[in-house]
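Asks: Return atomic coordinates for the entry below.
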Amino acid sequence: MRHLQPSAPRRVPAPGWDASRCVDRGVPPRTGGCPRVRVAPQTSAHTSCCQRARTPMIHRILIITIDEALADALHAALAHWGYDCVTCRDASDALREAGEQAPRGVIVDTEMPHVDALDVVTALRQHGPTANTAAIAILPSLAEDVLELATGRGCDRGIARPIDPDWIAAEIDRVAQLRLTAAA
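Replies: Predicted structure coming up:
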């Protein structure tokens, strides 16, 4: 797993910041922060509490899976980051949801029977308003051919099971920021 470099705080953190519990005491708080304690950034792919901030605007994330436990874990982690999540069980539901309101990101579970979730990512990349949507694929393994398939179909990142929902939340946030910067 690759280490994410901490970035400077750009948004206002949520209330509850506690300097004595935070792993990144060197970063001054703005108006609060996350009370959860994580391991030091140099040993984790997770961004530290102080640097992870809540965006005042709600952004939508589409989660495409039939796995209830996975959907619940992702909902909890992404809600902690300030995202509104919508779970879709198939490609047609996901495309309909994306058409109603362009999501900031899409998380697709590639191990769904009778559904090719990567078709959704390909379709989103071809549709103007959703062309810059961040996309992460949850893969059965990180074998080169599997990862190439996911990135070739439009995914920005691939992660193998078992997953860390907090890492995915950090990564979708980071990829979305990169895509917004590149589009500007």
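
Asks: Could you work out the end-to-end span of stretch 147-161 for me?
Replies: Stretch 147-161 stretches 13 Å from its first residue to its last (Cα to Cα, to the nearest Å).

Asks: Contacts made by stretch 138-149 with the rest, please.
Replies: Residues from elsewhere that reach stretch 138-149 (Cβ atoms under 8 Å, 6 or more residues apart in numbering): 65, 70, 107-111, 118, 150, 158-161, 163, 168. For every residue, glycine as well, the C-beta is placed using N, CA and C.

Asks: In three-state terms, label Leu78 for me.
Replies: At Leu78, secondary structure determined by DSSP: H, G, I helix; E, B strand; the rest coil is helix.

Asks: show me what contacts it?
Replies: Counting by Cβ under 8 Å, 6+ apart, Leu78 makes contact with 61, 85, 165, 169, 172.

Asks: Sort out which one of those residues lies nearest Ala102 for me.
Replies: Using Cβ to Cβ, Ile61 is the member of the contacts of Leu78 that lies nearest Ala102, at 11.5 Å.

Asks: what pairs with the helix or strand containing the closest one, and is each one parallel or antiparallel?
Replies: Using DSSP states H and E, Ile61 sits in strand 59-64. The strands beside strand 59-64 in its sheet (DSSP bridges) come out as strand 83-88 (parallel), strand 105-109 (parallel).
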